[in-house]
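Asks: What follows is a predicted structure for the sequence shown.
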Amino acid sequence: MSGERPQYGTSTGGQVPVCPRHPDRPSYVSCQRCGRPVCPECQRSAAVGVHCVDCVQEAARSRPAYRTSLGGRAARGSAMLVTWWLIGANVVVYALQWLALVVGVGLLQLFAYAPVTTTSEPWRMLTSGFLHSTTNPLHLLLNMYTLYLFGQMLEPALGRARFLLLFGLSVLGGSLGVLLLASPYTLVVGASGGIFGLFGALFVLQRHLGQSITPIVVLIGVNLAFGFLFPGIAWQAHLGGLVTGALVAFGYTLTLRRGRARGR
């Protein structure tokens, strides 16, 4: 349909009102907003009477976008859609890793990140965040459980787009931490950089909202300590993701403050 509303007409005799969308259908019911005839197929129930399809669409376009307390666009439908998609993507990639091993292909060697690959294959900085160790299923399970827990707190508050941007930049930040702090041949995989980005973001946002930061500080401290105490854990990715997530969230709070200042 074009931007103009269709004009309703009449039947051949010029007396019977017809639906503008279905000129072959006599319509004796009128839209409560515009007064045009509306056939049963085009009727939409309203608080009083019915509205036509065009009025419903016009009202939807003119309705202001609802914002969360942190400035994100309030989602319609599932409040954790991005979180579930990210979890699903990680699980699917993990299954593909196993299938690839059956035919003798190692996805870790193709898509995991090491600083030495930065110039030739920079996309590994992102793809490594969706790969996990096939020898340790707990690597995937713990990361996905943590993503679920923090996704249900942060995605509804930030909105889908901001939450996805936060997670994606945190994954890249984790790879940047490895680039700056690890050996050039250190191979890393896992969503831990993105997860630690959520930790950092929650810390900043709770401070912004005046909430207690003690629980998240303890959680960050314990998880960072694991990276230093146990071998095989890329603490560089954890630290890079943590700092990146905190910076992204700080940027969100600055945008929110400026928006409120302009609204005064």
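Replies: Everything's here; your move. Residues are numbered from 1 along each chain as shown.
Asks: Only C-alpha atoms from now on, for both contacts and neighbour counts.
Replies: Fine.
Asks: How about stretch 111-120, which residues are buried there?
Replies: Within stretch 111-120, the residues scored as buried using 16 or more other Cα atoms under 10 Å are 111, 112, 113, 114, 115, 117, 118.
Asks: Next: stretch 232-252.
Replies: Residues 233-250, 252 are the ones in stretch 232-252 that count as buried (16+ other Cα under 10 Å).
Asks: And the helices in the chain?
Replies: Here the chain has its helices, by DSSP state H, at 53-62, 81-102, 107-111, 124-127, 137-158, 160-181, 192-208, 214-229, 235-263.
Asks: low-scoring stretches of the stretch 51-200 of the chain, by residue?
Replies: 62-77 (pLDDT under 70).
Asks: go again using 80 as the cut-off
Replies: 59-78 (pLDDT under 80).
Asks: follow-up on the earlier one: make JSON lines out of the buried residues of stretch 111-120 and add distance to residue 126.
Replies: Shown next, in JSON lines, are these (distance: Cα to Cα, whole Å):
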{"residue": "111", "distance to residue 126": "9"}
{"residue": "112", "distance to residue 126": "9"}
{"residue": "113", "distance to residue 126": "8"}
{"residue": "114", "distance to residue 126": "11"}
{"residue": "115", "distance to residue 126": "13"}
{"residue": "117", "distance to residue 126": "12"}
{"residue": "118", "distance to residue 126": "11"}
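Asks: what's the burial count for residue 183?
Replies: Neighbour count for residue 183, taken as other Cα atoms under 10 Å: 12.
Asks: Kindly report the same for residue 97.
Replies: 19.
Asks: Check residue 41 too.
Replies: Using other Cα under 10 Å, residue 41 has 11 other residues around it.
Asks: start at 45 instead
Replies: Got it, first residue is 45 now, which makes that one residue 85.
Asks: separation between the closest residue to residue 256 other than its chain neighbours and residue 181?
Replies: What sits nearest to residue 256 in space, not counting adjacent residues and going by Cα to Cα, 6 or more residues apart in numbering, is residue 250, at 6.8 Å. Here residue 250 is placed at a distance of 32 Å from residue 181 (Cα to Cα, to the nearest Å).
Asks: and stretch 250-263, how far from the chain's centre?
Replies: From the chain centre to the centre of stretch 250-263 is a distance of 22 Å (Cα atoms, centre = their mean, to the nearest Å).
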